[in-house]
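Trainee: test case, fold it:
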Amino acid sequence: MAELNSALQVGDFTIKNRLVLSPLTRARSGVERIPNDLMLEYYQQRANAGLIITEATVISPKAVGYANTPGLWSQEQAQAWNKIVEAVHAQGSKIVVQLWHVGRISHPDLLDGDIPVAPSAIQPAGEVSLLRPKRPFVTPRALSHEEIQEIVAQYKHAAELAKAAGFDGVELHAANGYLIDQFLQSTTNHRDDEYGGSIENRARLLLQIVDAFIEVWGAGRVGVHLAPRGDSHDMGDADPLATFGYVVEQLDQRNVAFIFTREYEAEDSLQPKLRPKFKGAWIANEKLTPESAKRILATEQADAVAFGLAYIANPDLFERLENDLPLNQVQFDTLYGPSAEGYTDYPVFEQLEA
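Mentor: Prediction:
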């Protein structure tokens, strides 16, 4: 029976408790996509978590799908991230960077006029997030075999920069309808080469990138982010259990440190069938409450629990969960923006008491 305030071995490192800061896009890095002092304060405030997974961090200028999200393709960006890493380490927490390519979930206006890329030229339903005036997603361009290899190399380069920045590891963002997820799921991947068709082929890019990360970091400092329900950005798969079951088995064979799943509890949840396939650390996420998080840990359905919105609104979330204190509510209208408002100005419980 695990409790929130107990240490956990995650691959090659140990975290001080089982609370995880979920990766959360906050769009505070500016047009240069370089981490700044405002971001440093934000992460420093939340270093009561045993593990911080950074907001999704793009691997190249052509991987972007949102304005003002941070990157990790240059030495300057790595040096800026290092300040954040050191501040988190000073409080005894671990921090890994989530590496990201959005694929088709972008727009030419964010790519200097270029068409977004994807496994197949299938237009997603919906509108581009945060761009105003609102505009629909465009039909992406299918990647060539050579371009896929270039993207693998970009991921590996970002992983090398992450090591130089002092991170404790890297997480591959393979969820939520972004590029890796687009290759993985059958509704978005209609390729007829070695990257399409069978589950093994559709999972090939994900596993090639994981193998590249392992070359840089060793398996014990690599994690993967999955969304088995496929409920973001017009996704879907003919057989999710078979697809995600294969991925989990392959990640288990590689001895990666952790799998993070965004999947709320429901009758159609795949986690109960996927979890036994993996011997590493399993991090549960999405719509958790203080009560459900503690139950999931106590019943060993997961090894750690991750919070998103609650951690945005409660920088002292660990203390609040441990002491059954009431939670601040998130301000949705300030989730994204250039300032400290709705970012680093949420009060801790002691301030409310005072």
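
Trainee: quick one: Thr243 is in a strand?
Mentor: No: using DSSP: H, G, I helix; E, B strand; the rest coil, the assignment for Thr243 is helix, not a strand.

Trainee: burial count for Ala7?
Mentor: Residues contacting Ala7 under the criterion other CB atoms under 10 Å number 12. Placement of C-beta: from N, CA and C, glycine included.

Trainee: any idea how far Ile53 is from Glu265?
Mentor: Using CB to CB, to the nearest Å, Glu265 is found at 20 Å from Ile53.

Trainee: tell me who's in contact with the residue lying closest to Tyr178 once chain neighbours are set aside.
Mentor: In this structure, Tyr178 finds its nearest non-sequential neighbour in Val102, 4.9 Å apart by CB to CB, 6 or more residues apart in numbering. Contacts of Val102 were listed using CB atoms under 8 Å, 6 or more residues apart in numbering, and they are 58, 63-66, 116, 178-179.

Trainee: state the distance from Val102 to Gly218.
Mentor: 27 Å.

Trainee: please apply the same query to Phe349.
Mentor: Taken as CB to CB, the span from Phe349 to Gly218 is 39 Å.

Trainee: the more surrounded of the two?
Mentor: The neighbour comparison of Phe349 against Gly218 (other CB under 10 Å) goes to Phe349, with 18 against 15.

Trainee: avg pLDDT for the longest strand seen in the chain?
Mentor: Longest strand in the chain by number of residues (criterion: DSSP state E): strand 94-100. The predicted model assigns strand 94-100 a mean pLDDT of 99.

Trainee: after that strand, next one along is what?
Mentor: strand 117-118 (DSSP states H and E).

Trainee: other residues contacting the helix or strand that comes right after that following strand?
Mentor: Per DSSP H and E, strand 117-118 leads on to strand 141-142 as the next helix or strand towards the C-terminus. The set of residues external to strand 141-142 that reach it, using CB under 8 Å, 6+ apart, is 115-121, 191.

Trainee: remind me, longest helix of this protein?
Mentor: helix 145-164 (DSSP state H).

Trainee: what helix or strand is Gly223 on?
Mentor: strand 222-226.

Trainee: sheet-wise, list the partners of that strand with their directions.
Mentor: Paired with strand 222-226 in the same sheet, following DSSP bridges, are strand 169-173 (parallel), strand 258-262 (parallel).

Trainee: and stretch 139-155, average pLDDT?
Mentor: The model assigns stretch 139-155 a mean pLDDT of 98.

Trainee: buried residues in it?
Mentor: 140, 142-143, 148, 151, 154-155 (16 or more other CB atoms under 10 Å).

Trainee: quick one, what contacts Pro272?
Mentor: Per CB under 8 Å, 6+ apart, neighbours of Pro272: Gln301.

Trainee: you'd agree it is in a helix?
Mentor: Yes: counting by three-state DSSP, Pro272 is found in a helix.

Trainee: ok, back up a step: out of the buried residues of stretch 139-155, who's nearest Leu8?
Mentor: Comparing those against Leu8 with CB to CB places Tyr155 closest, at 26.4 Å.

Trainee: my guess is that closest one meets Ala212, correct?
Mentor: Yes: the pair Tyr155 and Ala212 passes the contact test of CB atoms under 8 Å, sitting 6.0 Å apart.

Trainee: list residues touching both of the two?
Mentor: Common neighbours of Tyr155 and Ala212 (CB under 8 Å, 6+ apart) do not exist.

Trainee: isn't Glu147 up against Val117?
Mentor: Yes: taking contacts as CB under 8 Å, Glu147 lies within contact range of Val117: 7.0 Å.
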